[in-house]
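*Asks:* When you get a sec, could you give me coordinates for this:
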Amino acid sequence: MEKELQNIKDRRKLIQNNYLELAQEIWSSSLEADKKDYKVRTEYNKYRNEDRHLERIEQMIQSTIDDLIWYRETFTR
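*Replies:* Predicted coordinates for the structure are as follows:
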């Protein structure tokens, strides 16, 4: 379970870095400002949707790990 948790954390870092690089490329492109803004917002929404989903999964896995630790400490001594 901890391996899955680490995979999710790694994926979140990866998509964040990818978004930041893409946004930087868009802002330094030769597009007009309003088109840049639209493209960056669109990419941010894609990034944020995936990140929110991964964040919820990460929280659920972490909660499960914490519950297992508590159970072991409480009932298996």
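
*Asks:* for stretch 18-26, which positions count as buried?
*Replies:* 19, 22, 23, 26 (16 or more other CB atoms under 10 Å). For glycine as for every other residue, the C-beta is placed from the backbone atoms N, C-alpha and C.

*Asks:* so what's residue 76 up against?
*Replies:* For residue 76, the contact set (CB atoms under 8 Å, 6 or more residues apart in numbering) is empty.

*Asks:* ugh, typo on my part, it should be residue 53
*Replies:* Residue 53 sits in contact with no residue, where contact means CB under 8 Å, 6+ apart.

*Asks:* Distance from the helix or strand containing it to the middle of the chain?
*Replies:* Per DSSP states H and E, residue 53 falls inside helix 33-75. Distance of helix 33-75 from its chain centroid, counting by CA atoms, centre = their mean, to the nearest Å, is 5 Å.

*Asks:* what is the mean pLDDT for it?
*Replies:* Averaging pLDDT along helix 33-75 gives 96.

*Asks:* just to revisit the earlier point, of the buried residues of stretch 18-26, closest to residue 64?
*Replies:* Proximity of the buried residues of stretch 18-26 to residue 64 was ranked by CB to CB; the top entry is residue 19 with 28.1 Å.

*Asks:* Just give the closest residue to the closest one, not the sequence neighbours.
*Replies:* residue 47 (3.9 Å; CB to CB, 6 or more residues apart in numbering).

*Asks:* Counting neighbours, what do you get for the one you found?
*Replies:* 18 (other CB atoms under 10 Å).

*Asks:* what do you get for the one 3 residues further on?
*Replies:* Neighbouring residues of residue 50 were enumerated by other CB under 10 Å; the total is 15.

*Asks:* For the nearest residue to it once chain neighbours are set aside, what is the enclosing helix or strand?
*Replies:* What sits nearest to residue 50 in space, not counting adjacent residues and going by CB to CB, 6+ apart, is residue 15, at 5.8 Å. Using DSSP H and E, residue 15 sits within helix 2-27.

*Asks:* any idea how far that helix is from the chain center?
*Replies:* The answer for helix 2-27 is 6 Å, by CA atoms, centre = their mean.

*Asks:* Which pLDDT value belongs to the residue nearest to residue 50?
*Replies:* 98.
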